[in-house]
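Asker: Pasted the sequence and its predicted model underneath.
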There are 2 protein chains.
Amino acid sequence: MEEKEISKAVIKRLPRYYRYLGELLESGVERISSNELSTKMKVTASQIRQDLNNFGGFGQQGYGYNVKHLYTEIGKILGLDQNHNVIIIGAGNLGQAIANYGAFEKRGFIINGIFDVNPRLQGVTVRGIEIRMIDELEQFIKENNVQIAALTIPKSKAAEMADLLIEYGVKAIWNFAHTDLNLPEEVLVENVHLSESLMRLSYNITRYEKEHFKD
Amino acid sequence: MEEKEISKAVIKRLPRYYRYLGELLESGVERISSNELSTKMKVTASQIRQDLNNFGGFGQQGYGYNVKHLYTEIGKILGLDQNHNVIIIGAGNLGQAIANYGAFEKRGFIINGIFDVNPRLQGVTVRGIEIRMIDELEQFIKENNVQIAALTIPKSKAAEMADLLIEYGVKAIWNFAHTDLNLPEEVLVENVHLSESLMRLSYNITRYEKEHFKD
């Protein structure tokens, strides 16, 4: 199938569509019009129609969208119909929080290893997943066809670890370290910079207070 | 001081400037040109100049930026020169990860309470911060002038809890629950939807594989 280039903005919105459609499915809704979806998601109906048209539509004029069909198709576009092997680097609270979140598994993200440098954690399991030491990393990645590594270690060690992961064959890094990684272009990186998110909140609070409590 | 409207895109980038300037400071750099900063941050020098001009400049032609001054000024814009009282709702791994991250405190986000519904956690401390039960929530928020609540609870309970928090006087919600919150317009919300971030990674992996391993 010939695919046209889809804009980053649309891709950014797809997971949100997927989440809303999943919630609709759970509550037994079979069909939804772009207007109803628009009200729920607080985006314009025309935006929804435009976004979904990127993937050939899915809607029939006057009938709305078939929720299950749309959910499944967006899932395929997002690659959620395939399994992805994931490891977590760093067995601290954040690493364990990710390991414990079972819903990732339902969407095809199979966490099959957790790695740490702390020897006291060796062999401890989180949701049945064993914590291993870094010296097993290379072999584990190669034998288990690991595609994604979640990096939940301090920023001082992040760059070095990312280089190792790529060298051992990992294709994508889900980066929680508070730093940007300088990696080859073909490596996919998704950053979750929590402190930046908190600063945006702080900016907005400060601005809000200035506007509402002027001298 | 008269302030002009600053675009969301600029605000989104400010924390990243702040982070890079902080790293430069730590490594003893006193001055940097927009060109050097541009190479480091992988954005164009003209973008940097434009962004920083929103706040009256800070650079002198030919002299570059004074790193410490710029860092301090951006910090003020972001509201990091003031303390913000933060509570965490949900003492699971994610809540504890946030509580344990000391760097938030250095930037003025003072975590002074953690709340949970599990009675076994009552009185347990995380980095010296006591875990309290939800029945203490109202009084605690009012007595401690809590501005921000980090919501790290399952999505099924998130909406109800958010309503309570707002009723008790919280101004901003840092939402980690896998759902959007329907809150009054004046409530500030910053969403961290981890599963959406993981789906974007999955989309990119799937697309990358299609492009590189065509039949």
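Answerer: Looks like it came in fine.
Asker: care to break chain A down by domain?
Answerer: Using automatic domain parsing, the domain ranges for chain A come out as A:8-77, A:84-196.
Asker: Ranked by average pLDDT, which of those falls at the bottom?
Answerer: Among those, domain A:8-77 has the lowest mean pLDDT, at a mean of 87.
Asker: Now do the SS call for the closest residue to A:Arg107 other than its chain neighbours.
Answerer: Of all residues not flanking A:Arg107 in the chain, A:Leu80 sits nearest, at 5.0 Å (Cβ to Cβ, 6 or more residues apart in numbering or on different chains). Glycine gets a C-beta too; all of them are placed from N, C-alpha and C. With DSSP: H, G, I helix; E, B strand; the rest coil as the basis, A:Leu80 sits in coil.
Asker: Is A:Tyr65 within a helix or a strand, and which one?
Answerer: Assigned by DSSP states H and E, A:Tyr65 belongs to strand A:64-66.
Asker: buried set for that strand?
Answerer: Neighbour-count burial for strand A:64-66 flags A:64-66 (criterion: 16 or more other Cβ atoms under 10 Å in any protein chain shown).
Asker: which residues of chain A fall in strands?
Answerer: Ranges of strands in chain A, per DSSP state E, are A:31-32, A:59-60, A:64-66, A:84-89, A:109-116, A:125-126, A:129-133, A:148-151, A:172-175, A:188-191.
Asker: Which one, of those strands, ends up nearest to B:Ile166?
Answerer: Taking Cβ to Cβ, strand A:31-32 is the member of the strands of chain A nearest to B:Ile166, at 28.5 Å.
Asker: How about stretch A:7-16 and chain B, any contact?
Answerer: Yes: remark: stretch A:7-16 sits within contact range of chain B at A:11-12, A:14-16, by Cβ under 8 Å from any Cβ of the partner chain.
Asker: Closest to B:Phe140 out of those residues?
Answerer: Taking Cβ to Cβ as the measure, A:Arg16 is the one of the residues of stretch A:7-16 next to chain B closest to B:Phe140, at 33.0 Å.
Asker: So the closest one is in contact with A:Leu37, correct?
Answerer: No: if you go by Cβ atoms under 8 Å, A:Arg16 and A:Leu37 don't touch, sitting 11.0 Å apart.
Asker: For A:Thr206, give me its contacts.
Answerer: A:Thr206 sits next to B:77-79, B:82 when contact means Cβ atoms under 8 Å, 6 or more residues apart in numbering or on different chains.
Asker: among those, which two are most distant?
Answerer: Between all members of those, the farthest pair (by Cβ to Cβ) comes out as B:Ile77 and B:Gln82, at 11.7 Å.
Asker: More neighbours: which of the two?
Answerer: Neighbour totals were compared for B:Ile77 and B:Gln82, and B:Ile77 leads with 22 against 13 (other Cβ atoms under 10 Å in any protein chain shown).
Asker: and the more buried one, how far is that from A:Leu183?
Answerer: For B:Ile77, the distance to A:Leu183 equals 30 Å [Cβ to Cβ, to the nearest Å].
Asker: what does A:Thr206 give?
Answerer: Distance of A:Thr206 to A:Leu183, computed by Cβ to Cβ: 34 Å.
Asker: One more: A:Ser202?
Answerer: Per Cβ to Cβ, A:Ser202 is found 29 Å from A:Leu183.
Asker: Cool, thanks, talk later.
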